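Asks: Structure of the sequence below:
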Amino acid sequence: QLQLVESGGGLVQPGGSLRLSCVASGSTLDYYSISWFRQAPGKGREGVSCIANRGSITHPADSVRGRFTSSRDNAKNTAYLEINSLEPEDTGLYYCAAFSPGNYCTMNPNMMDSWGQGTQVTVSL
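Replies: Numbers count the residues shown, from 1 in each chain. Here you go, the predicted structure:
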């Protein structure tokens, strides 16, 4: 069964950047699309990006378009979310999740096959 582990979160000042990683084990990442979600304190889980197994990308949230970029290296079984021009509103717990078949992207959290444990992103002075 696919297992996912996120890393790369931290405390960053407004305007800064982070690159989050999502490392897969137990299966081949190529079989899955990878979606990124975030959850701010007191709010529901929000889908911010999805990358299919051949690299097509979906950014469903207007607030992140142009600032968030998904990528993946199937040979390393790793997906990435690069976040630029960070804003305090980007603070939250960021999760990666996998969905199969990998040629299709969905931001419906109820359809995900596997989730990581999350990595905290805090944007503050």
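Asks: check contacts around Leu125.
Replies: For Leu125, the contacting residues are 13-14, by Cβ atoms under 8 Å, 6 or more residues apart in numbering. For glycine as for every other residue, the C-beta is placed from the backbone atoms N, C-alpha and C.
Asks: Need the pLDDT of it.
Replies: Looking at Leu125, its pLDDT is 91.
Asks: Got phi/psi on the residue nearest to the spatial centre of the chain?
Replies: Ranked by distance to the mean C-alpha position of the chain (Cα atoms, centre = their mean), the top residue is Trp36 at 2.6 Å. Torsion angles at Trp36 (phi, psi; degrees, to the nearest 10) stand at phi -110, psi 130.
Asks: correct me, but it touches Ser70?
Replies: Yes. Counting by Cβ atoms under 8 Å, Trp36 does reach Ser70; the two are 6.7 Å apart.
Asks: and for the two, which residues touch both?
Replies: Contacts common to Trp36 and Ser70, judged by Cβ under 8 Å, 6+ apart, are 49-50, 81.
Asks: Let me know the closest of these to Asn110.
Replies: Cys50 (14.6 Å; Cβ to Cβ).
Asks: Now do the SS call for that closest one.
Replies: Cys50 carries the three-state label strand when classified by DSSP: H, G, I helix; E, B strand; the rest coil.
Asks: Could you report the neighbour count for it?
Replies: 22 (other Cβ atoms under 10 Å).
Asks: In contact with it, which residues?
Replies: 33-36, 57-58, 60, 70, 105-107.
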